[in-house]
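**Q** kindly generate the corresponding structure for this input.
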Amino acid sequence: MTVLDRSLQRLTALDEQSGARISTVHATPGTIEDCVFGADLVVGAVLAPGAAVGRMRSGSVMVDVAIDQGGCFATSRPTTHDQPTLDVDGIVQYRVANMPSGVARSRPLLLATRPCHSFTRWPTRAAATPWAEDRHLMNGLNLIGGAVTCKLVAAAHDMDYTPPEQAARHPALIT
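**A** Residues are numbered from 1 along each chain as shown. You can find the predicted model right below:
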């Protein structure tokens, strides 16, 4: 398994945690292309504008976890649970939007039976602070009252972008 990341600090931490079980590579356009072209399976999990990858070997499989925000592969277009995969030039592509809905029952049960601070701190924080007063919460929102407040999502779906601060101040957008 190879993990690519732009953060050398994160790669160093993965190296220390995994020993020799995982190979880590600093993500540059060249290393991404080299790793992707030689892989049997690629899981793209981060939306990185301009970093779409289009070259893979025939017979390989790609999973685009970032599809909800426009995808991370050159050929990414959302599919559905009814028809989850497509064959594009010999590459099997899985790019179902809202992938967690495929495990709609087990995911909440996992979170309920094994509470995790990283999953519970944001709802707790949101309940304690009005979202329009917390820049971290506002920056994490993709939509505010129907306005697209994430530049990457707006660009990926060819929609108008509204800065979150502007959407938060617009009374018609707050419901």
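**Q** so Ala155 sits in a helix?
**A** Yes - remark: Ala155 belongs to a helix, assigned using DSSP: H, G, I helix; E, B strand; the rest coil.
**Q** begin at 725, not 1, for the rest of this chat.
**A** Okay, using 725 as the starting number, the last item reads as Ala879.
**Q** which residue is nearest the centroid of the chain?
**A** Of all residues in the chain, the one closest to the mean position by Cα atoms, centre = their mean is Ala790, 3.4 Å from it.
**Q** doesn't Val770 make contact with it?
**A** Yes - counting by Cβ atoms under 8 Å, Ala790 touches Val770, with 6.0 Å between them. All C-beta spots, glycine's among them, are computed from the backbone N, C-alpha and C.
**Q** need the overlap of contacts for those two.
**A** Shared contacts of Ala790 and Val770 (Cβ atoms under 8 Å, 6 or more residues apart in numbering): Cys796.
**Q** do a quick rundown of the helices in the chain.
**A** 732-742, 753-762, 830-837, 841-852, 859-864, 875-880, 888-893 (DSSP state H).
**Q** any weak-confidence spans in this structure?
**A** 771-778, 824-855, 894-899 (pLDDT under 70).
**Q** the same query, at a cut-off of 80, please.
**A** 744, 769-780, 792-794, 796-800, 822-865, 869, 876, 880-881, 891-899 (pLDDT under 80).
**Q** quick one: the nearest residue to Asp811 once chain neighbours are set aside from Arg781, how far?
**A** Residue nearest to Asp811 in three dimensions, not counting chain neighbours: Gln817, with 7.6 Å by Cβ to Cβ, 6 or more residues apart in numbering. As judged by Cβ to Cβ, to the nearest Å, Gln817 and Arg781 stand 13 Å apart.
**Q** those two: which has the busier surroundings?
**A** Of the pair Gln817 and Arg781, Gln817 is the one with more neighbours under other Cβ atoms under 10 Å, namely 24 against 12.
**Q** that one touches Asp788, doesn't it?
**A** Yes - Gln817 lies in contact with Asp788 (Cβ under 8 Å); the separation is 7.1 Å.
**Q** now for these two: what residues contact both?
**A** 797, 800.
**Q** for Leu802, give me its contacts.
**A** Heads up, residue 802 is Pro, not Leu. For Pro802, the contact set (Cβ under 8 Å, 6+ apart) comprises 791-792, 795, 819-821.
**Q** now do 10 Å
**A** Contact analysis of Pro802 by Cβ atoms under 10 Å, 6 or more residues apart in numbering lists 788, 791-792, 794-795, 819-822, 881.
**Q** among those, which pair sits farthest apart?
**A** For these, with distances taken as Cβ to Cβ, the pair at the greatest spread is Val820 and His881 (16.4 Å).
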